[in-house]
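>>> The sequence and its predicted three-dimensional model are supplied below.
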Amino acid sequence: MAIHECSPIERGISIKLHREAKNLVRTQFYPGVPLGEVYKGFRNEDLQKQTFSDNQFDLFISLDVFEHIPEPVPALREVFRTLKPGGSMLCTWPVRKAQVAAMEYRAKLKPDGSFEHLKEPEYHGNPVDPKGGSLVTVDYGYDVHKLVADANFDTRVYRFADKRHGILGEYTEVFLCKKSPPL
């Protein structure tokens, strides 16, 4: 399989993929570095405007990335474009149970490259910038699966609790999305 893993970290599934997947492309986003260039061992890609060809990958994986993308809808379209027919997107991102809207912006990117904060700034860990972290730009609500389906993905959301592995509480959703043909 041809696999695109976005923003891998040095633990868990990322290590296993790096060790065992023969056709794996690992990407990070480094502002200021030309897109498509390999930098620090990763291909530099902006999910909103990827340099990959159409129908290149069988599988796209991103774990807790989409809440940091300024414009997630174009990014979903780009993932769809780069997946082969029948390809899959496997993702996680925080889903806020109390939020009804599919998504609410926390911050909007301004033309000068700075952010306008619409809510209190929130940062998560970032393998590219461990000290500064990564700004959360979007909060996702309980019906985010509809947003993903609008990008022509057949979407399944799995929510689970697993005491044995310590996976409990909120933010345990896993999205499995298949590339479906356009209507």
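It's in. All of these numbers come straight from a predicted model, not from anything done at the bench. Residues are numbered from 1 along each chain as shown.

>>> looking at this, Arg77 is in a helix?
Yes - if the criterion is DSSP: H, G, I helix; E, B strand; the rest coil, then Arg77 is within a helix.

>>> now the residue sitting furthest away from the middle of the chain, what's its secondary structure?
If you look at how far each residue of the chain sits from its centre, by C-alpha atoms, centre = their mean, the farthest one is Arg164, at 26.6 Å. Three-state secondary structure (criterion: three-state DSSP) places Arg164 in helix.

>>> One more: Arg81?
Three-state call for Arg81 (three-state DSSP): helix.

>>> gap between the closest residue to it other than its chain neighbours and Pro85?
On the basis of C-beta to C-beta, 6 or more residues apart in numbering, the spatially nearest residue to Arg81 that is not a chain neighbour turns out to be Asp54, at 5.6 Å. Every residue, glycine included, has its C-beta placed from N, CA and C. As for Asp54, its distance to Pro85 is 10 Å (criterion: C-beta to C-beta, to the nearest Å).

>>> that older thread, I'd assumed Thr82 was in contact with the residue nearest to Arg81.
Yes - taking contact to mean C-beta atoms under 8 Å, the distance of 6.8 Å between Asp54 and Thr82 places them in contact.

>>> and the two? which has more neighbours close in?
Of the pair Asp54 and Thr82, Thr82 is the one with more neighbours under other C-beta atoms under 10 Å, namely 23 against 9.

>>> need the contact list for the residue farthest from the centre of the chain.
Applying C-beta atoms under 8 Å, 6 or more residues apart in numbering, we find Arg164 in contact with no residue.

>>> And the closest residue to Lys146 other than its chain neighbours, what's its pLDDT?
Spatial nearest neighbour of Lys146, excluding adjacent residues (C-beta to C-beta, 6+ apart): Ala102 at 5.7 Å. Ala102 is assigned 91 on the pLDDT scale.

>>> Counting neighbours, what do you get for Ala102?
By the measure other C-beta under 10 Å, the count of residues near Ala102 is 18.

>>> Could you verify my assumption that it touches Gly141?
Yes - if you go by C-beta under 8 Å, Ala102 and Gly141 touch, sitting 5.6 Å apart.

>>> Look at the residue farthest from the centre of the chain and report its pLDDT.
The score at Arg164 is 83. That number is its pLDDT.
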